[in-house]
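Asker: next one to model:
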Amino acid sequence: MLPTLLEYGPLKIHSWGVLLMLGFLLGTWRAVRNAHRYKIDTQDVWDVGLWGLLGGVIGARLAFVLLNVGYFRLHLAEILHIWTGGMTFYGGLAGGVLAGVLLCRARGIRVGDMADLIAPSFAIGYALGRVGCFLNGCCYGGLCEPPLGMRFHQPEGGLTPPSHPAQLYAAVAGLLMYFVLTRLEPHRRFPGQLMLVFVGLYGVYRFLIEFVREGVTAETTRLLGLTQGQIASFVLVLFVAALYGLASRRGSRSATPKATPSAV
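Answerer: Numbering: from 1, shown residues only. The predicted model follows:
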């Protein structure tokens, strides 16, 4: 683990922040390279990316704070300490999507096209962000014997027992989602399809990974012994499946691109 990449006096450059920014830049670069295939101006891609990043960070942190309101009520100053970790993906997704939708509406861009263009970029950003979590030492899993098990620093001091490197599992899942999305992209049937697939795949992955993190960095609820993340994932997958089925039955063939391979 390497939570701090560089430290010079009071200046600290944190691994998680660096990986988050790297994911943003790589994902946006990928979207810019493919923007012409969706007839979207590259400047609009950068603008949506920047506003989406800001909205995503705010949403992810706000959701985390609300889920841990008892702690933050007593540590108000730490609400802004995002470099220490403590972000919720679903909150980040909601905040980022909201910011992106508002900007697309303001500029007359079809939301479904922009969503599909940036869906693979989301997968890239998620994968690199989880590598940042690994370096930061947060979001690890439950007990796991070596050689797979690893030990992580605990906030209260000391090391965890050998535990699942759940962050690396998540990074691999992000790369697999990227692969699926880029293979599906040339065969897109309706605007919004790729984003729906990404969110659905994430929901399935998140439901499964919570079994590894349960009771460690994922809290168990009283409802069927599932974690908050699993309940949210289950509801989300059902919602996405319903939307996908509805959109698919409409049989829209107006989506672009039709069959051109992705640039990256």
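
Asker: which intervals of this structure have sub-threshold pLDDT?
Answerer: For the chain, the stretches with pLDDT under 70 are 83-85, 155, 215-223, 251-264.

Asker: which residue ranges of it form helices?
Answerer: 15-34, 42-67, 69-72, 89-107, 111-136, 166-184, 193-213, 228-250 (DSSP state H).

Asker: what about the nearest residue to residue 18 once chain neighbours are set aside, distance to residue 23?
Answerer: Nearest residue to residue 18 in three dimensions, chain neighbours excluded: residue 5, at 5.8 Å (Cβ to Cβ, 6 or more residues apart in numbering). The way it works is simple: take the backbone N, C-alpha and C, and place the C-beta from them, glycine included. From residue 5 across to residue 23, the span is 15 Å (Cβ to Cβ, to the nearest Å).

Asker: so for the two, which residue has more residues nearby?
Answerer: Higher neighbour count among residue 5 and residue 23: residue 23, with 24 against 14, using other Cβ atoms under 10 Å.

Asker: how far away is the more buried one from residue 68?
Answerer: Distance of residue 23 to residue 68, given as Cβ to Cβ: 24 Å.

Asker: now do residue 43
Answerer: Using Cβ to Cβ, we find residue 43 at a distance of 38 Å from residue 68.

Asker: verify the contact between the residue nearest to residue 18 and residue 15 for me.
Answerer: Yes - contact status for residue 5 versus residue 15: in contact at 5.2 Å, counting by Cβ atoms under 8 Å.

Asker: correct me, but residue 87 touches residue 58?
Answerer: No - look at residue 87 against residue 58 with Cβ under 8 Å: they stay out of range, at 10.2 Å.

Asker: which one of these two is surrounded by more residues?
Answerer: More crowded of residue 87 and residue 58, by other Cβ under 10 Å: residue 87, with 22 against 17.

Asker: for the more buried one, list the residues it contacts.
Answerer: Listed by Cβ atoms under 8 Å, 6 or more residues apart in numbering, the contact partners of residue 87 are 57, 60, 61, 64.

Asker: quick one, what contacts the second one?
Answerer: Contact partners of residue 60, counting by Cβ under 8 Å, 6+ apart, are 87, 88, 89, 91, 92, 95.

Asker: how many neighbouring residues does the closest residue to residue 86 other than its chain neighbours have?
Answerer: Excluding its sequence neighbours, the residue lying closest to residue 86 (Cβ to Cβ, 6+ apart) is residue 64, at 4.8 Å. Per other Cβ under 10 Å, the neighbour tally for residue 64 reads 20.

Asker: I'd like the distance between residue 64 and residue 21.
Answerer: According to Cβ to Cβ, residue 64 and residue 21 sit 19 Å apart.

Asker: out of residue 43 and residue 68, which sits in the busier spot?
Answerer: residue 68 (14 against 11).

Asker: thinking again about what came up before, I'd like the helices of the chain as a markdown table, with distance to residue 142 appended.
Answerer: Below are these laid out as a markdown table (distance: least, Cβ to Cβ, whole Å):
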| stretch | distance to residue 142 |
| --- | --- |
| helix 15-34 | 22 |
| helix 42-67 | 20 |
| helix 69-72 | 22 |
| helix 89-107 | 19 |
| helix 111-136 | 16 |
| helix 166-184 | 8 |
| helix 193-213 | 6 |
| helix 228-250 | 14 |
